[in-house]
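J.: my questions are about this predicted structure, shown below with the sequence.
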Amino acid sequence: EEPESEYTPASIPVTASLLKKWRNNLEKRSLPTWKQLVRAFQAAVVTAKGEEPENNMKYVIVDPDIVNKVIMMCLEHSSDVLKHHLGDNPTSSTKWNKVKISIKSYLSSLTELLGLLTSNDVLCAVMRHCKAMLPYYSAYSRLMKKFVKSHVTVWGSKAELSRVVAFTCLQAVVKKIPAFLEDILKKMYVEYTKCSKMMNPKTRDNIVLMRNSLVEMFKINPSITYTTGFLYIRQLAVTLRSVIVNKKEIESAYNWQYVNCLHVWVSVLSDCDACLQPLIFPLIQIMMGVVKLHTSPCFYQLHLHVIRLMLHLAAATNKHIPLIHSLLETLQFCASINKAPATKPIDLTCVLRVTKGYKKTKAYQDGIFDLTYELLLNYVSQLSQSISFPEVSFPVTVWLKKFNKKCNNPKYVSQMKQLLEKMSVVSRDLTEKRSSVTFTPKDLEEVTKWESQLPESVLTKYFNTWLRIHRVVAAETEEEADGDDDIGEHEDSGDVDSEEEEPPKKKQKKAKKRLEESPEKKNTAEKSDKKKKKKKKKDKDEKTEAAVENGAAEFVDNGDVVEDIVLSD
């Protein structure tokens, strides 16, 4: 075995014949040959970066084909050679001191290579090799941190297959070194927030993949998840509080980044241990504060996104969240027929707000009604398994009957009548069944046992059928629709109904006519034009006011959302 030595200032070109010789030796698991391959690998990484080789480098590579062959040779033989000589526990081997410098250099160059690769297949192969080299990475804490950072970057920015491979590598790190879990969770959460600022049909799948994998990481250790969740849920609460106080920074909470962060914590707390239960109530308070923050119809689809999250959390944790007022308020918007010209419908699943012009369209009203009706069905179907449904559903029934009287849309009225019929059937059945019970409402255990024995209600069956049909129709519509994703993303588009500019010839004729008029008529015309310009400017300013200013005027005191959240001690 050759002793570990410093690099010599020679510059030996790596050729195909030299690589063939090395390959033959590596098949015999030659450790000295692997050390030489490591030096060539360093030169390959320098060439891949497009930099000039350093003076102390023993080998130099110019041909890109040789660079690829050196990289592939390292991926094929490094793990096998090192495991043969060092065993399963490398640091306790007698040969460790002879190769630790070469191993450190190799791992450092390998981590650096991850940030240079553009090919998805090669990147996945390198990451799988990094996973196999984890026993050697664990001997160097700094390299381990670089390993985590580079794989988190790949997890948040590359193709789907690369993201999955990077995630499996991070899982392997946690399994090998549990102490790195908290650091990995924080880095992954920060990367998720960076990548979830925009939601559209192209980025939606990647964001869902990142969210699901992040939730899986949070499930590994509930105690670490509690401390991390406490920190970031409190951060969301502080952001919401600053919006409520300032009233002019509504974009801080009304954006995809904030909504996607809420989605992560809803997914984490929907299937959690008992130690995470204290985080559920603060999260619900934050989401209710977001819904009540701004009541403009332009933000109704954002409200419905958050309400959907709360319904999911309520169903998973068996908790009741009072959402009926927010849903009925949204339905009120759909009571009257919009007379605006017909426009092409958009996919509201990827939109948080629309312009003032688009909110008056029939397409927007139909989209909001469909989403609200789905969530209302979900809400009452959850309540239909409760012994108190007849009493809880009574005010909802009264309001829906009033809605049917005011509503001028026969389609909406027909769907509401179906819902009222199902609610009436469930109320009547539950009233008959509970008339023979012997326990009282204070006997919670008996109530829970009685509710658990109830069969699936008519409302639940109706909701599942409606949802299945609606998804089929939505999938067919999505295939036919074009990619109109910009509506609602730009705040000014569609807000101002600007007048068409007159042709230059018409302007010249008007100016000539004014010159020929008498001075009195001319002065009168000029004053009239000034008034018209001022009026147009005033109307334009009113139309182009930001939603933030409207929110300040429409803001209703919802109470201090953050003040009631006890997150300390």
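T.: All right, it came through fine.
J.: output the below-cut-off pLDDT ranges for the stretch 1-150 of the chain.
T.: For the stretch 1-150 of the chain, residues meeting the criterion pLDDT under 70 lie at 1-10, 55.
J.: flag the shaky bits of the chain, pLDDT-wise.
T.: Within the chain, the segments meeting pLDDT under 70 span 1-10, 55, 248, 337-342, 477-569.
J.: checking Ala315 next. Helix, strand or coil?
T.: helix (DSSP: H, G, I helix; E, B strand; the rest coil).
J.: mind checking how far it is from Lys449?
T.: For Ala315, the distance to Lys449 (CB to CB, to the nearest Å) stands at 20 Å. Every residue, glycine included, has its C-beta placed from N, CA and C.
J.: quick one, which of the two is more surrounded?
T.: Neighbours were counted for Ala315 and for Lys449 using other CB atoms under 10 Å; Ala315 has more, 15 against 11.
J.: that one - nearest residue in space that isn't next to it in sequence?
T.: Distances taken as CB to CB, 6 or more residues apart in numbering place Gln382 nearest to Ala315, at 5.7 Å, with adjacent residues excluded.
J.: may I have whichever strand or helix holds that neighbour as PDB, with CA atoms only?
T.: Applying DSSP states H and E as the criterion places Gln382 in helix 362-383. Output of helix 362-383 as PDB, limited to C-alpha atoms (Å, rounded to 0.1, in the frame of the first residue of the first chain):
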ATOM      1  CA  LYS A 362     -70.900  34.800 -14.800                       C
ATOM      2  CA  ALA A 363     -67.900  32.400 -15.200                       C
ATOM      3  CA  TYR A 364     -66.500  33.500 -11.900                       C
ATOM      4  CA  GLN A 365     -69.800  33.300 -10.100                       C
ATOM      5  CA  ASP A 366     -70.300  29.700 -11.400                       C
ATOM      6  CA  GLY A 367     -66.900  28.700 -10.300                       C
ATOM      7  CA  ILE A 368     -67.300  30.200  -6.800                       C
ATOM      8  CA  PHE A 369     -70.700  28.500  -6.400                       C
ATOM      9  CA  ASP A 370     -69.400  25.100  -7.400                       C
ATOM     10  CA  LEU A 371     -66.500  25.300  -4.900                       C
ATOM     11  CA  THR A 372     -68.700  26.600  -2.200                       C
ATOM     12  CA  TYR A 373     -71.400  24.000  -2.800                       C
ATOM     13  CA  GLU A 374     -68.800  21.200  -2.600                       C
ATOM     14  CA  LEU A 375     -67.400  22.600   0.700                       C
ATOM     15  CA  LEU A 376     -70.900  23.000   2.100                       C
ATOM     16  CA  LEU A 377     -71.700  19.400   1.200                       C
ATOM     17  CA  ASN A 378     -68.500  18.300   2.900                       C
ATOM     18  CA  TYR A 379     -69.300  20.400   6.000                       C
ATOM     19  CA  VAL A 380     -72.900  19.100   6.500                       C
ATOM     20  CA  SER A 381     -71.800  15.500   5.600                       C
ATOM     21  CA  GLN A 382     -69.300  15.600   8.500                       C
ATOM     22  CA  LEU A 383     -72.000  17.000  10.800                       C
END
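J.: give me the helices and strands touching the following helix or strand past that helix, please.
T.: Counting by DSSP H and E, the next helix or strand C-terminal to helix 362-383 is helix 389-406. Here helix 389-406 touches helix 324-333, helix 362-383, helix 410-434, going by 3 or more CB pairs under 8 Å, 6 or more residues apart in numbering; DSSP states H and E.
J.: point out the most buried one among these.
T.: helix 362-383 (a mean of 21; mean count of other CB atoms under 10 Å).
J.: and it, what does it pack against?
T.: helix 300-317, helix 324-333, helix 389-406, helix 410-434, helix 458-480.
J.: same thing but at 6 Å, please
T.: If contacts are counted by 3 or more CB pairs under 6 Å, 6 or more residues apart in numbering; DSSP states H and E, helix 362-383 sits against helix 300-317, helix 324-333, helix 458-480.
J.: Val81 contacts Trp34, doesn't it?
T.: Yes: taking CB atoms under 6 Å as the definition, Val81 is a contact partner of Trp34 at 4.8 Å.
J.: so which of those two has more stuff around it?
T.: A count of neighbours by other CB under 10 Å puts Trp34 above the other of Val81 and Trp34, at 25 against 22.
J.: so after the one helix or strand that one maps to, what's the next helix or strand?
T.: Assigned by DSSP H and E, Trp34 belongs to helix 31-49. Downstream of helix 31-49, the next assigned helix or strand under DSSP H and E is strand 59-60.
J.: and the helix or strand following that following strand, what other elements does it pack with?
T.: Using DSSP H and E, the next helix or strand after strand 59-60 towards the C-terminus is helix 64-86. Contacting helix 64-86 under the criterion 3+ CB pairs under 6 Å, 6+ apart are the following elements: helix 31-49, helix 120-132.
J.: surely Cys169 touches His129?
T.: No: counting by CB under 6 Å, Cys169 stays clear of His129, with 10.1 Å between them.
J.: please identify which of the two sits among more neighbours.
T.: Higher neighbour count among Cys169 and His129: Cys169, with 22 against 17, using other CB under 10 Å.
J.: what sits against the more buried one?
T.: Cys169 is in contact with 127, 131, 151, counting by CB atoms under 6 Å, 6 or more residues apart in numbering.
J.: 10 Å instead, please
T.: For Cys169, the contact set (CB atoms under 10 Å, 6 or more residues apart in numbering) comprises 127-128, 130-132, 134, 147-148, 150-152, 154-155.
J.: export the helix or strand where it lies to PDB, keeping only CA atoms.
T.: Following DSSP H and E, one finds Cys169 within helix 160-176. Only the C-alpha atoms of helix 160-176 are listed here, as PDB (Å, rounded to 0.1, in the frame of the first residue of the first chain):
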ATOM      1  CA  GLU A 160     -39.400  14.700 -10.400                       C
ATOM      2  CA  LEU A 161     -37.200  11.600 -10.500                       C
ATOM      3  CA  SER A 162     -34.200  13.600  -9.100                       C
ATOM      4  CA  ARG A 163     -36.400  15.000  -6.300                       C
ATOM      5  CA  VAL A 164     -37.500  11.500  -5.300                       C
ATOM      6  CA  VAL A 165     -33.900  10.200  -5.300                       C
ATOM      7  CA  ALA A 166     -32.700  13.300  -3.300                       C
ATOM      8  CA  PHE A 167     -35.500  12.600  -0.800                       C
ATOM      9  CA  THR A 168     -34.500   9.000  -0.300                       C
ATOM     10  CA  CYS A 169     -30.900  10.100   0.300                       C
ATOM     11  CA  LEU A 170     -32.100  12.500   3.000                       C
ATOM     12  CA  GLN A 171     -34.100   9.800   4.600                       C
ATOM     13  CA  ALA A 172     -31.000   7.600   4.600                       C
ATOM     14  CA  VAL A 173     -29.100  10.400   6.400                       C
ATOM     15  CA  VAL A 174     -31.700  10.600   9.100                       C
ATOM     16  CA  LYS A 175     -31.700   6.800   9.500                       C
ATOM     17  CA  LYS A 176     -27.800   6.800   9.700                       C
END
